[in-house]
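1. sharing a sequence plus its predicted fold:
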Amino acid sequence: MAASLSGLLKPWTPRVFLVRWSRYNPYYLEPEVRKEAYSQPESELSAEEKEQRELKMIRPIKAAASGVTSSVFSDPVLSKFINMMMEHGNKVLAREIMTQTLENIKKKQVEKYHKAPEGQKEEIECNPYTIFHQALKNCQPVVGLESIRKGGKIYQVPIPLSDKRRSFLAMKWLITECRDNKHRRTHMYEKLSQEVMSAFVHEGNVIRKKNELHKMAESNRAYAHYRWW
Amino acid sequence: MAAQGGVAFQEKVSRLVSRQNGKPVLKPSRALALGDTVSNRNPKKREATCITEISVLMACWKQNNFVDSLCCNETNAFYTCVAKAQAAMKNNSGQSNIQGGRLPPKQATILLKRYPNQRSEI
């Protein structure tokens, strides 16, 4: 539907351009931020990729968002997590908390590394980024529950979730658990690092919440036929 | 049909509604005109996809006391099944727009909204 409508729209810019909350004409294309995409000579999918490049030479392109970079250190998962932690637009504070969290994780792991005997030194993971990603993966639920009305009654039906939804739920649970269920005098980075480290080894409240969701879905498996998609 | 005999059709409708020849055949409660929207009815009864995969996964969970790392085969099978079902849904919805004698309700609404009923005189 949007594809057919954008075929009717001409490339135009409005006379008065709103600075905040600006919405682009669907005619505009997304920018390509990754450096690898520009260093590929001719060895991609020849038909589709070349068509895309031709199209990008003709059509106008949206301005890149300020949270997106082409540096090697940029991580979309991490950026999403920082945005979810941010309150009142205070990105500086959210990023600071995130860097402190990663630093804290690294400190604890390096401490463990130095205290461990020689045989166990290789097993200790010191890279905070891999620990963070693995912890998020461990927190992701596999199925979710949805309220479906059938015959006047509402049933909780187990449904498959999309990848985006699962990663969103993992991050959301992590943040809310750190905000609500911890001692109020600890810093956020301390709470987050504790929770991330315990999620890395399949312990902690977030993993428990995920398992409870799985148990509920398992107990309601008889209602799985109430889905229609 | 209606475009060819426009005036004759209107005359026939007014004869069916009038009370001059005895009881009127039609007693319309609403105006005899197309509305601006069509309701979104789902005529096909689709069934739930990937139920076998879900039940296999849940049996594995029950056996292993909900430890995820021991059920990774079943989990991957479930994810592949879900991806396939999503792709099939997308393909089917692309086909239903072309085939069939009627427009799907969403496309019909878009078409009707381009030529809405006149509510006030311009």
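-> All right, it came through fine. Residues are numbered from 1 along each chain as shown, chains lettered A, B, ... in the order given.
2. tell me how far the most centrally placed residue in chain A lies from residue A:88.
-> Centroid-nearest residue in chain A: residue A:77, 4.3 Å away (criterion: C-alpha atoms, centre = their mean). Taking C-beta to C-beta, to the nearest Å as the criterion, residue A:77 is separated from residue A:88 by 23 Å. The C-beta positions use only the backbone N, C-alpha and C, and glycine is treated the same way.
3. okay, now the closest residue to chain B within chain A: neighbour count?
-> Among the residues of chain A, residue A:227 lies nearest to chain B; the distance is 3.8 Å by C-beta to the nearest C-beta. Residue A:227 sits with 19 neighbouring residues when counted by other C-beta atoms under 10 Å in any protein chain shown.
4. that one reaches residue A:156, doesn't it?
-> No - the criterion here is C-beta atoms under 8 Å, and residue A:227 misses it with residue A:156 at 11.8 Å.
5. tell me where chain A has strands.
-> In chain A, the strands defined using DSSP state E lie at A:143-150, A:153-160.
6. in chain B, where's the longest helix?
-> Secondary structure of chain B per DSSP state H: the longest helix is helix B:72-96.
7. chain B against chain A: which residues are in contact?
-> Within chain B, the residues that sit near chain A (C-beta under 8 Å from any C-beta of the partner chain) are B:42, B:45-51, B:54-55, B:57-58, B:61-62, B:66-69, B:75, B:78, B:82, B:89, B:106-107, B:110.
8. and if we set it to 10 Å?
-> Residues of chain B lying close to chain A by C-beta under 10 Å from any C-beta of the partner chain are B:42, B:44-51, B:53-55, B:57-59, B:61-62, B:65-69, B:71, B:74-75, B:78-79, B:81-83, B:85-86, B:89, B:97, B:106-107, B:110.
9. of the residues you listed, select the buried ones using a ChimeraX command.
-> A single ChimeraX command selects the buried members of the residues of chain B next to chain A (16 or more other C-beta atoms under 10 Å in any protein chain shown):
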select /B:48,49,50,53,54,57,58,61,66,68,71,74,75,78,79,81,82,85
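10. residue A:213 contacts residue A:158, correct?
-> Yes - between residue A:213 and residue A:158 there is a contact under C-beta atoms under 10 Å: 9.5 Å.
11. which one of those two has more residues nearby?
-> With neighbours defined as other C-beta under 10 Å, residue A:213 and residue A:158 compare such that residue A:158 has more, 28 against 18.
12. show the pLDDT at the more buried one.
-> Reported pLDDT at residue A:158 in the predicted model: 93.
13. and if you look at residue A:18?
-> Predicted confidence (pLDDT) at residue A:18: the value is 60.
14. repeat that for the one 3 residues further on.
-> Each residue has a pLDDT score; the one for residue A:21 is 59.
15. just residue A:44 next, same as before
-> Residue A:44 is assigned a predicted lDDT (pLDDT) of 69.
16. kindly report the same for residue A:220.
-> Per-residue confidence (pLDDT) for residue A:220: 92.
17. just the one 5 residues further on next, same as before
-> pLDDT for residue A:225: 88.
18. quick one: residues contacting it.
-> A:150, A:157, B:47-48, B:51 (C-beta atoms under 10 Å, 6 or more residues apart in numbering or on different chains).
19. just those residues now: which is nearest residue A:186?
-> residue A:157 (38.5 Å; C-beta to C-beta).
20. can you tell me how far the closest one is from residue A:169?
-> Distance of residue A:157 to residue A:169, computed by C-beta to C-beta: 17 Å.
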